[in-house]
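Trainee: Below is the sequence, then the predicted model.
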Amino acid sequence: MVSTGYGDSTRSVNAVGGQAVPGDPVAPAPVPASAYHLAADESAELDTYGRASNPTWRQLESALAELEGASAALTYGSGMGAITSVLRVLTRPRTTLVVPADGYYQVRRYAVEYLAQQGVTVIEATAAQMCEAAARADVVLAETPVNPTLDVVDLHRLATICRSRGTTLVVDNTAATPLALQPLSLGADLVVASATKALSGHSDLLAGYVAGCNEELMARVERDRLLAGPILGTFEAWLVLRSLGTAGLRIERQCRNAAAVALMLRDHPAVRSVRYPGLPGDPSYPVAAEQMKRFGGLVAVELADAAAVHALVERSSLLVAATSFGGLHTCVDRRARWGDPVGDGFARLSLGIEDTDDIVADIEGALA
Ligand SMILES: *Cc1c(COP(=O)(O)O)cnc(C)c1O
């Protein structure tokens, strides 16, 4: 397999590489079959039915496992598909589950609207409250940097608390991506993520995955995927795999653009406040600098009001008003629109892969 001594772009490219068998295609091809020829030796079959396993998932899953530093990964039809599968496996009546109070809101809604009805005790904790809440929990789902406030959870500290009391720690690695953060190496039991965002990076598909090193736990998650069926189509799996080859390049540029835009916004008179975990002086910076390899492509900015956010988009030539993040284009999302507990002028910027000078000048000009 791939040497972990390589840099991220090398690892991204190698993760997509085919085996060095003469005559084989360099680029892997999708295999869309639902059924596979059965062998007379009934124990010898690798693939039988597309919902259980298939060659396209296997290629993508081995690439994702390699990037996350996991022994295995499982793909899903969306990030929510992956997260809810893990939560179903880990919770029973009377399980105490901690979910982010400030993170991706539909995870919280699933816990409250579905799991709590099944007898699970759901505790909502902000990034700052995570460690304290973990001391009372059986299962903790943490998200870092938290979307959209960009607070950072100290994963080493959280994992130490969880380990000391046998609590299972699951980390949502969507915002950082494995090229910026490796939660398993910091002590998480499982990683869950949406590959819809920066990892696939083209705003043209939805996908999710679970990654981990605990075989027994991964087997239970795989069983849930088989029985519940929230699977990824093979064409989408192939598109994610194809996109992973450029993940190193794209994410590097997004992070550089985010750092440059955050610096410009910090000193701009129209800006009330800016958050970026990579900005020295940001409350998240000390922990982020300790545990992250890069600081991600998201910047949170607070302008005067909703009208100021709309005016920013209208005056800009490059900004796209859209929810979701991690794509090629720089996007602006006014989060109060979706009910996030933030001010009316709060916007999440997702930096794209435009040239750094162009995007900084465009936003600076549009704010003036
Ligand atoms: C988008 C997102 C999800 C959900 O992923 P989908 O692919 O949209 O289902 C979960 N967690 C975080 C942090 C996200 O940003």
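Mentor: Sure thing, it's come through.

Trainee: Just want the residue of the stretch 1-150 of the chain that's nearest the ligand.
Mentor: Residue nearest to the ligand within the stretch 1-150 of the chain: Gly79 (2.3 Å; Cβ to the nearest ligand atom). For the C-beta atoms, the positions are set from N, CA and C on the backbone; glycine is no exception.

Trainee: what pairs with the closest residue to that residue other than its chain neighbours across the strands?
Mentor: The spatial neighbour of Gly79 that comes closest, neighbours along the chain excluded (Cβ to Cβ, 6 or more residues apart in numbering), is Ser194 at 2.5 Å. Beta-bridge pairing of Ser194 under DSSP bridges involves Gly208.

Trainee: can you pull the contacts of Val146?
Mentor: With contacts taken as Cβ atoms under 8 Å, 6 or more residues apart in numbering, Val146 has the following neighbours: Pro100, Asp102, Gly103, Thr126, Ala127, Val152, Val153, Ala175.

Trainee: Quick check: pLDDT value at it.
Mentor: Val146 is assigned a predicted lDDT (pLDDT) of 95.

Trainee: Buried ones in the strand or helix carrying Thr160, by neighbour count?
Mentor: Assessed by DSSP states H and E, Thr160 sits inside helix 155-164. The neighbour-count criterion (16 or more other Cβ atoms under 10 Å) identifies Leu155, Arg157, Leu158, Ala159, Ile161, Cys162 as the buried residues of helix 155-164.

Trainee: returning to that earlier point: measure the residue of the stretch 1-150 of the chain closest to the ligand to His156 for me?
Mentor: Separation of Gly79 from His156 (Cβ to Cβ, to the nearest Å) stands at 24 Å.

Trainee: Please work out which residue of the stretch 151-300 of the chain is closest to the ligand.
Mentor: Here the residue of the stretch 151-300 of the chain nearest the ligand is Ser194; by Cβ to the nearest ligand atom that distance is 3.0 Å.

Trainee: What residues does that residue make contact with?
Mentor: Counting by Cβ under 8 Å, 6+ apart, the residues that Ser194 touches are Ser78, Gly79, Met80, Ala82, Thr174, Leu206, Ala207, Gly208.

Trainee: On the three-state scheme, Leu184 is what?
Mentor: At Leu184 the chain is in helix, as set by DSSP: H, G, I helix; E, B strand; the rest coil.

Trainee: Tell me if I'm right that it and Val210 touch.
Mentor: No - at 11.4 Å, Leu184 does not count as touching Val210 under the criterion of Cβ atoms under 8 Å.

Trainee: quick one, which of those two is more surrounded?
Mentor: Of the pair Leu184 and Val210, Val210 is the one with more neighbours under other Cβ atoms under 10 Å, namely 30 against 24.

Trainee: And the pLDDT for Pro22?
Mentor: Looking at Pro22, its pLDDT stands at 88.

Trainee: Spell out which helix or strand contains it, please.
Mentor: Following DSSP H and E, there is no helix or strand that holds Pro22.

Trainee: residues near it, how many?
Mentor: Look at Pro22: counted by other Cβ under 10 Å, it has 4 neighbours.

Trainee: Tell me how far it lies from Asp267.
Mentor: The spacing between Pro22 and Asp267, counted by Cβ to Cβ, is 57 Å.

Trainee: Equivalent analysis for Glu143, please.
Mentor: To Asp267, Glu143 is 29 Å away according to Cβ to Cβ.

Trainee: more crowded one of these two?
Mentor: In this comparison of Glu143 against Asp267, neighbours counted by other Cβ under 10 Å, the higher total goes to Glu143 at 26 against 9.

Trainee: Wait, that one touches Gln106, no?
Mentor: No - the pair Glu143 and Gln106 fails to qualify as a contact (Cβ under 8 Å) at a distance of 11.9 Å.
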